[in-house]
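> Fold the following for me, if possible:
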Amino acid sequence: MNLERLKVSVRGVVQGVGFRPFVYRLASELGLRGWVLNSGQGVLIEVEGDRQSLQNFLVRLELEKPPLASVHSLETSFLDSIGYDKFEIRHRNQDGPTTVLVMPDIATCADCLREILDPGNRRYRYPFTNCTNCGPRFTIIESLPYDRPNTSMARFAMCPDCWQEYNDPVDRRFHAQPIACPKCGPRLELWDSEGRLIAQRDDALHQTAEALQNGKIVALKGLGGFHLIVDAQNEIAVRDLRLRKRREEKPLALMYPSLEAVRNDCKVSELEARLLLSPECPIVLLQRRSRSDQLAQSIAPSNGCFGVMLPYTPLHHLLMRKICSPIIATSGNVRDEPICVDELEALQRLKGIADFYLVHDRPIVRHVDDSIVRIISGRESVLRRARGYAPLPVRVREPLPLVLALGAHLKNNVALSIGNEVFVSQHIGDLETSQAFTAFQKVALDLQHLYGTSAALIACDLHPDYLSTKYACQLTEKPVYVQHHWAHVSACIAENELDPPVLGVAWDGTGYGTDGTIWGGEFLLSEGEGFERVAHIRKFRLPGGSAAIKEPRRAALGVLYEAWGHERVQNRATTPGFEFSEADLAILLQMLARGINSPMTSSVGRLFDAVASLIGLRQGVTFEGQAAMELEYVVDQSIEESYLFQLEDGPPLIVNWEPLLKGILADVDRCESVAAISAKFHNALAEAIVGVARRVGVSQVALTGGCFQNRHLTERAIRRLRECGFKPYWHQRIPPNDGGIALGQVVAATERNLDLKQRAFAEVA
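As a prediction, this is how the structure comes out:
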């Protein structure tokens, strides 16, 4: 029997309510071994058993919890078994400091939902209802300790009824810092596009629902910022939103009134349903049904998934019950900017986008986007870590010095280590605009302020032109530079609690390599301190540099040129769907021949782009990863056949894609289906991982980087590695994309006796 270890951290009202005895009985009934422990941060659980028993334990843990227990946050990780021989209730060791935790924002609990739907309750239809078991946390805290005077609720004086609840130890609102009611709490208003008051309180909700039903776009001030919302069944309205927001094709998130409504349009597994209904309430990527014709076709064009969430605040619940149909709920921003958090700011930045503004007077202290999660190989995989998850820490085995890690340029977040905890900030986004860079600086300072500390070390990416790296140089004369893909691998190793040796497979679109080229198809061996680049994908040039990221056909041209040179490229580059004008082709070929603005890359992300172009799937993109996403969604999963790679001796080993390229072009010429070609391409990538793992001879293989957001690639690689006797590991709590870089920078920067900057630039020299 293949045993695994499930690590669970439960936070909320879980002590003094019979939670540990409940866990003991449940684990014993399922034949699991391990322990349960009360800690200063909640209840910690480790159980070992087979996969099905562990999944049953996880589902029943929430469904059958004691009546007085309330789960605010439940984080899980599947790890290697370490051989527990029984299940026991352990007692907390009082030695050592207890780190104060800032809780994430929590979705509306069942008790509060019942109250706002009860005409006899004093909080009937009040959109800011909360208790100790739910409501805003991270988005309203200005400083610790978490008391009302230190939150944005300080401006609202409690009425006598709320004051009584707040001070009653047997009331579930005992010391609920955001406590409020219609008499004393925040109020709702509906404004027109110029900021003029149209309606207040419940009437504002009614008129918002009418506006949505009439095809209008509404900017709604929610928990961690604004949403732009529109009727998801109105094709004209959705297209109008895309046009105004300048979001051409990137999928838009959906909010449904209920789980039953989601099932009408999407396939929902038991684990996905648990996620949708969890206190974190993230956006969950779900496979869409073919019969979802009532929805606007432009919600997620050429995409096999919908990003779906359920209402998570009383305001959302009340609005969705009024509308009774799905809405678009996308971030309230213009492209590449952070989401708006202030209503006056929104009037300026969303001018020309929103027809109406549904706002309230509770200040949002820090912006927090919706989190995005996907089930991969039966496990929860967080792709964007924000509301519901941030700023909960990742616990590492050894105490670390104080390190502030400033992350990457794309999908940026920051991280701060305190003892055994690494606090990872909310998703900030791409540092492409001045607004985004300002938000990044604010979060970097805010995280230290919140925990009352100042970092001793500043860690950053090796890329000298990243704004996060430049900011590190402003903060200190001696930042610790961490190579991008080594940060990816370090994050995966830390999250999975691995000891060396580990073979890290770090695949993404771009990262500055120690040799001055663009990496992205890396095999990095960790044997203790630092890494060795033991293999990589064969390099090719990108004509036009960054322009090739937006034009997959340029990546395809670079691949063809690398393989066959000028003449054969010229013939292929004039075929339908892939053609360049004669003048453009001449310029690009000259650039490739002379190496002008045509950097070398080993990027698997760009290889995905090249393949998507060569099979006629996508020649230009409007958002990062679009071509790769579409290539994933057309896969014929019934196909086991794969194209060939050639593994050339090193060091480092070179994974030569030329045989794969020949196979793809032969299938294109035979008019093979794109579904079959995509399947054989994905399968070939998995075989390349297995091939390198065999040559390196290390059993533990960590899969990391943005390419492993691809469910088919990741699950195929996991399956093939296991079949060949290897132990694959992948991300669960921390994103595999650049949202995991900050954690990896913290871990890598603290390795003993390793000056990463000196090492990196010594290799360049």
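
> Could you break this protein into its assigned domains?
In the domain annotation for the chain, the residue ranges read 4-90, 188-360, 389-498+741-764, 508-731 (automatic domain parsing).

> Now render these as CSV, adding mean neighbour count.
Heads up, the C-betas are built off the backbone N, CA and C, glycines and all. Below are these laid out as CSV (neighbours: other CB atoms under 10 Å):
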stretch, mean neighbour count
domain 4-90, 18
domain 188-360, 19
domain 389-498+741-764, 21
domain 508-731, 20
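
> Now render those domains as CSV, adding distance to residue 378.
As requested, those are arranged in CSV below (distance: least, CB to CB, whole Å):
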stretch, distance to residue 378
domain 4-90, 7
domain 188-360, 7
domain 389-498+741-764, 15
domain 508-731, 9
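
> Out of those domains, which is closest to residue 166?
Counting by CB to CB, residue 166 lies closest to domain 4-90 out of those; the figure is 16.1 Å.

> Now the terminal residues of that closest one, how far apart.
Start-to-end span of domain 4-90 (CA to CA, to the nearest Å) is 20 Å.

> all helices for the stretch 1-150 of the chain, in order.
Secondary structure of the stretch 1-150 of the chain (DSSP state H, counting those that start in this stretch): helices at 19-29, 51-63, 110-116.

> What residues are bridge-paired with residue 536?
residue 522, residue 654 (DSSP bridges).

> and the gap between it and residue 464?
From residue 536 over to residue 464 the distance is 21 Å, taken as CB to CB, to the nearest Å.

> I'd like the next helix or strand past the helix ranked longest in the chain.
Longest helix of the chain, by residue count under DSSP state H: helix 674-696. For helix 674-696, the following helix or strand on the C-terminal side (DSSP states H and E) is strand 700-704.

> what angle sits between that following strand and helix 674-696?
Comparing the axes of strand 700-704 and helix 674-696 via axes from the mean of the first three to the mean of the last three CA atoms, to 10 degrees yields an angle of 140 degrees.

> what residues does strand 700-704 touch?
Applying CB atoms under 8 Å, 6 or more residues apart in numbering, the contact partners of strand 700-704 are 488-489, 491-493, 496, 498, 501-507, 689, 693, 714, 717-718, 721, 726-731, 736, 740.

> one more time with 6 Å, if that's ok
488-489, 492-493, 498, 502-506, 693, 721, 726-730, 736 (CB atoms under 6 Å, 6 or more residues apart in numbering).

> how far away is the residue lying closest to residue 23 once chain neighbours are set aside from residue 155?
Counting by CB to CB, 6 or more residues apart in numbering, residue 36 is the residue found nearest to residue 23 once chain neighbours are left out, at 4.4 Å. Separation of residue 36 from residue 155 (CB to CB) stands at 41 Å.

> what does residue 598 give?
Taking CB to CB, one finds residue 598 at 57 Å from residue 155.

> What of residue 453?
Relative to residue 155, and taking CB to CB, residue 453 is found at 28 Å.

> Over to residue 693?
Residue 693 sits 58 Å away from residue 155, going by CB to CB.

> what does residue 664 give?
Distance from residue 664 to residue 155, by CB to CB: 62 Å.

> got it, and residue 166?
Where residue 155 is concerned, residue 166 sits at a distance of 16 Å (CB to CB).

> The two - which one has more neighbours?
residue 166 (17 against 10; other CB atoms under 10 Å).

> Just confirm the more buried one contacts residue 179, I think it does.
Yes: between residue 166 and residue 179 there is a contact under CB atoms under 6 Å: 5.4 Å.

> Please tell me how far stretch 734-742 is from the chain's geometric centre.
From the chain centre to the centre of stretch 734-742 is a distance of 8 Å (CA atoms, centre = their mean, to the nearest Å).

> first to last residue in that stretch, what's the distance?
End-to-end for stretch 734-742, by CA to CA: 10 Å.

> The contacts of strand 700-704 in strands, which ones?
502, 503, 504, 505, 506, 727, 728, 729 (DSSP state E).

> what sits against the fourth one?
Think residue 505. Counting by CB under 6 Å, 6+ apart, residue 505 touches 523, 689, 703.

> can you pull the pLDDT of the residue nearest to residue 23?
At residue 36, the model reports a pLDDT of 92.

> could you pull out the strands for the stretch 351-500 of the chain?
Under the criterion DSSP state E, counting those that start in this stretch, the stretch 351-500 of the chain contains strands at 356-360, 372-376, 379-384, 393-400, 403-405, 415-424, 457-461, 480-482.

> Turn these into a markdown table, columns for distance to residue 645 and mean pLDDT.
Output for the strands of the stretch 351-500 of the chain, formatted as a markdown table (distance: least, CB to CB, whole Å; pLDDT from 0 to 100):
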| stretch | distance to residue 645 | mean pLDDT |
| --- | --- | --- |
| strand 356-360 | 54 | 98 |
| strand 372-376 | 23 | 98 |
| strand 379-384 | 26 | 96 |
| strand 393-400 | 34 | 88 |
| strand 403-405 | 34 | 97 |
| strand 415-424 | 35 | 93 |
| strand 457-461 | 29 | 96 |
| strand 480-482 | 29 | 96 |
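
> Make TSV from the ones you listed and add distance to residue 527 to it.
What follows is the strands of the stretch 351-500 of the chain, written out as TSV (distance: least, CB to CB, whole Å):
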stretch	distance to residue 527
strand 356-360	55
strand 372-376	28
strand 379-384	27
strand 393-400	17
strand 403-405	23
strand 415-424	23
strand 457-461	21
strand 480-482	18
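
> Which one of those strands lies nearest to residue 330?
Nearest of these to residue 330, taken as CB to CB: strand 372-376 at 12.2 Å.

> Neighbouring strands of that closest one in the sheet, and parallel or not?
Counting by DSSP bridges, strand 372-376 is paired with strand 283-288 (parallel), strand 379-384 (antiparallel).

> Only C-alpha atoms, please: export the last one in PDB.
What it means is strand 379-384. What follows is strand 379-384 as a C-alpha-only set of coordinates in PDB (Å, rounded to 0.1, in the frame of the first residue of the first chain):
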ATOM      1  CA  ARG A 379      -4.500  18.000  -4.600                       C
ATOM      2  CA  GLU A 380      -5.300  21.600  -4.100                       C
ATOM      3  CA  SER A 381      -2.800  23.800  -6.000                       C
ATOM      4  CA  VAL A 382      -2.900  27.500  -5.300                       C
ATOM      5  CA  LEU A 383      -2.200  29.500  -8.500                       C
ATOM      6  CA  ARG A 384      -2.800  33.000  -7.100                       C
END
